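In: Here is the input, now give the coordinates:
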Amino acid sequence: MSFPLTPFTADDRVNLEVFAEHVERQIAAGPAGLFVACGTGEFSALSVPEYHDVVGTAVRVAAGRLPVFAGAGGGPRVAREFAAAAAVAGADGLLLLPPYLVTSTAQGLVNHIRYVAAGAPLPLVVYQRANAVLTPAAAVQLLDIDQVVGIKDGRGDVDAMLRLVTAIRASGHPRAEDFGFLNGLPTAEMSVAAYEAIGVDSYSSAVLCFAPDIATAFYRAYRAGDRRTTNALLAEFYLPLVELRDRVPGYAVALVKAGARLSGLDVGPVRPPLVDTTPAHEEALAAILARGRAALSLVGVP
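Out: Numbering: from 1, shown residues only. Here you go, the predicted structure:
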C-alpha cells in the first residue's frame, strides 16, 4: 500500500502540481491502493480546504486505476468533518486515525468509530496505535459496523494483533473472513514476515514514496520466497534506514520527505511540529540509498 507525502511550497502552501506528479509515480510502482493525507501525508497539518484539494487531486490522478483512501482523525466532530470532505472529493474510503489526546476504554473507542462511520458513506479502516487500542472483544464489535472493513496496526505487538485476528476470524460473523488487516508499522518491511505469520499479509511502505525500485524489489522478492534478496536489502538498506530514522522523533515522515527530495521531487519541508532532516542526516540517507541499490545489483535485480 502507498501512503503518499503532501508536498509544501517554501511559502507554506500545498503544492498540488508536485503532489499530482508524486501520486502518478506511486501508481506506476504498482501498489494495491493509495492512502492520502494520512500520517506520512501530514494529515494533522492540513486544513479542511487543503485536505479536500489533496484528496480530490489524488482521485483525479488515480482515475479509477486503484482505490484512494483518505485519512480522517481528531475528535468525533472534526473526524466527521474530514470524512465528509473526503466523500465530497471522491475518495473510495477512509483511514480513521486515533482521536487526539483523549484516552478512553476499548468500548469508548468502538463508540467513536461508530460515530465517525455514520458521518460519511465510505468504507473505513481503523488505525490502531497510540491511544486507539482495541481488545479482541472490541474488534469483533467492529464487524457489526458495516462500513468498517479492516484494521491497520501501528503498535507492533504481534501477540496482541494475533488475538484480534483470531477473535475476528473465529467469531462466526458473516463478515469475518473478508475483514482486512494491514501492517502499518513504520518501515513495515522489517516486520512483514512476523505479521504474515499471524495472517496479516498486506503492509504499507513508506520507502515506496522515495525509493520505489527498492520497495518493489523487496515486495516481489518476499512474495517469491527469494530470501537472498530480502536478506540483502534488510542488511544493507532497511536496518541502516531504521537506525537513522530512530535518531530523531518525527523522522518517520521527515526522512521520507528528504528521500523524495533526493529522488528529484520537490516535496518541500515538513510542517510543525515536525522538523526537517539535518544536512548530515540527508547525506547519510543518500549513502543508505546507494547501499540498497548496490545490494540489488549484487543479487542480480535490475
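
In: where along the chain do the strands fall?
Out: Listed in chain order, the strands of the chain (DSSP state E) span 34-36, 68-72, 93-96, 124-128, 148-153, 180-183, 202-203.

In: could those go into a markdown table alongside distance to V165?
Out: For every residue, glycine as well, the C-beta is placed using N, CA and C. Compiled in a markdown table, the strands of the chain are given as follows (distance: least, CB to CB, whole Å):
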| stretch | distance to V165 |
| --- | --- |
| strand 34-36 | 20 |
| strand 68-72 | 21 |
| strand 93-96 | 19 |
| strand 124-128 | 12 |
| strand 148-153 | 9 |
| strand 180-183 | 6 |
| strand 202-203 | 12 |
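
In: TSV for these, including mean pLDDT, distance to T6 and mean neighbour count?
Out: Shown next, in TSV, are those (pLDDT from 0 to 100; distance: least, CB to CB, whole Å; neighbours: other CB atoms under 10 Å):
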stretch	mean pLDDT	distance to T6	mean neighbour count
strand 34-36	98	8	29
strand 68-72	98	10	29
strand 93-96	98	14	26
strand 124-128	98	17	25
strand 148-153	98	19	23
strand 180-183	98	20	22
strand 202-203	96	21	20
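
In: Quick one: closest of those to D53.
Out: strand 34-36 (10.8 Å; CB to CB).

In: and the gap between the closest residue to A29 other than its chain neighbours and E24?
Out: In space, and not counting its chain neighbours, A29 is closest to P212: 3.8 Å by CB to CB, 6 or more residues apart in numbering. Using CB to CB, to the nearest Å, we find P212 at a distance of 12 Å from E24.

In: neighbour-wise, which of the two wins?
Out: Taking other CB atoms under 10 Å, P212 and E24 do not tie; P212 has more neighbours (19 against 11).

In: Does the more buried one touch I27 like I think?
Out: No: look at P212 against I27 with CB atoms under 8 Å: they stay out of range, at 10.3 Å.

In: buried residues in the longest helix along the chain?
Out: Taking DSSP state H as the criterion, the chain has its longest helix at helix 279-298. By neighbour count on 16 or more other CB atoms under 10 Å, the buried set for helix 279-298 is 281-282, 284-285, 288-289, 291-293, 295-296.

In: The spatially closest residue to A252 that is not a sequence neighbour: neighbour count?
Out: Distances taken as CB to CB, 6+ apart place P186 nearest to A252, at 4.4 Å, with adjacent residues excluded. The number of residues packed near P186 is 21, by other CB under 10 Å.

In: ok, now which ones touch P186?
Out: By CB atoms under 8 Å, 6 or more residues apart in numbering, P186 lies in contact with 154, 206, 242, 245, 252.

In: From F3, how far off is the nearest residue to the third one once chain neighbours are set aside?
Out: So the one you mean is V242. Spatially, and ignoring its direct neighbours in sequence, V242 is nearest to T187 (5.2 Å; CB to CB, 6+ apart). Distance from T187 to F3, counting by CB to CB: 12 Å.

In: Now do the shared contacts for these two.
Out: Joint contacts of T187 and F3 (CB under 8 Å, 6+ apart) are A206.

In: neighbour-wise, which of those two wins?
Out: Counted by other CB under 10 Å, T187 and F3 do not tie: F3 has more neighbours, with 26 against 21.

In: Enumerate every residue touching that one.
Out: Counted by CB under 8 Å, 6+ apart, F3 has contacts 34-36, 38-41, 204-206, 208-209.

In: isn't F35 right up against L96?
Out: No: the criterion here is CB under 8 Å, and F35 misses it with L96 at 11.5 Å.
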